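Trainee: this one's structure only:
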């Protein structure tokens, strides 16, 4: 597939790039997140770590070159429950050829243990080529999330960009693409985290359910009985579930009347635990009008 339509360039610089995102939300106590973040980051680093070129933590004014010690800081955070509980921590990285020219693979970690409730978000932005081997991608995700105290989350096509400097330009370009192609997610996982504590905020090719949400929906047995043949119900560790909408991620195309019905089937399965309207209505999706964002956030919950 030609992904140039989904890539935003400014001369030689890449402002926005397509990716396969893996997003996991947790609102568990800080001490419960360290092990999960550590395992998830190590799974990413084993497969993609050598590709990273630039990184920045929350207390850094600019990106720095990735070196052999780059991941020591987040690994240290994960081991210290007091740090996780009190500090505003973040780590972002990408694989572009300049600090403000992005490319996947990338990372975006947010650890706000001081928040109420505590808010922890792990986002991987994988190369779109990862979707060429969907079974391998599912196995990778299941392994990466093995220790993660997940509330909910998702995996599918999305965008990677530098949010601190390029939000307005990238989102003005990406918004119409997202409205046309329902399989594209919103690349700002922190925005969605404002509602994910209250219920499932997004459905994608893979939709993750934590133990409590899965139990509220009747567990694997009930979901399998209600799911169409195209939707697979797969296990996550610690009682969670992964709902797989078809063999591989798809973009869909509203102009061609492809609304991704298999994702809508997943949306119907999880709709009793969807984030409530008041939570979704509070989310600002840059690049869309309020009316368009209202429909887009609910595109699979029909």
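Mentor: That came through fine. Predicted model only: the values in this text are computed from it and were never measured. Numbering: from 1, shown residues only.
Trainee: residue 209 reaches residue 239, doesn't it?
Mentor: No. Residue 209 is beyond contact range of residue 239, at 9.4 Å (criterion: C-beta atoms under 8 Å). Every C-beta, even on glycine, is put in place using the N, C-alpha and C of the backbone.
Trainee: when the two are compared, which one has more neighbours?
Mentor: residue 209 (28 against 15; other C-beta atoms under 10 Å).
Trainee: show me the contacts for that one.
Mentor: 150, 152, 200, 217, 236, 240, 241, 242, 243, 270, 273 (C-beta atoms under 8 Å, 6 or more residues apart in numbering).
Trainee: what about the nearest residue to it once chain neighbours are set aside, how many residues nearby?
Mentor: Distance criterion C-beta to C-beta, 6 or more residues apart in numbering; nearest residue to residue 209, sequence neighbours excluded, is residue 241 at 4.6 Å. Neighbourhood size, residue 241 [other C-beta under 10 Å]: 22.
Trainee: ok, now the one 4 residues further on?
Mentor: For residue 245, the neighbour count with other C-beta under 10 Å is 29.
Trainee: got the phi/psi numbers for it?
Mentor: phi -90, psi 80 (degrees, to the nearest 10).
Trainee: just the pLDDT for it.
Mentor: pLDDT, residue 245: 98.
Trainee: dump the residue contacts of it.
Mentor: 203, 204, 205, 206, 207, 230, 231, 260, 262, 263, 265, 266.
Trainee: taking those residues one by one, which sit in helices?
Mentor: Under the assignment DSSP state H, these contribute 262, 263, 265, 266 to helices.
Trainee: of all the residues you listed, which comes closest to residue 101?
Mentor: residue 263 (31.7 Å; C-beta to C-beta).
Trainee: excluding chain neighbours, give the residue nearest to residue 71 in space.
Mentor: residue 45 (6.1 Å).
Trainee: tell me which element the one you found falls in.
Mentor: Assigned by DSSP states H and E, residue 45 belongs to helix 30-48.
Trainee: does anything pack onto that helix? Which helices or strands?
Mentor: strand 13-26, helix 72-79, helix 81-86, strand 106-112, strand 119-126, helix 134-144 (3 or more C-beta pairs under 8 Å, 6 or more residues apart in numbering; DSSP states H and E).
Trainee: closest one to residue 195 among these?
Mentor: strand 13-26 (9.5 Å).
Trainee: circling back: within its sheet, name the partner strands of the following helix or strand past the helix holding residue 45 and how each one runs.
Mentor: Downstream of helix 30-48, the next assigned helix or strand under DSSP H and E is strand 54-57. Neighbouring strands of strand 54-57 in its sheet, by DSSP bridges, are strand 64-65 (antiparallel), strand 88-94 (antiparallel).
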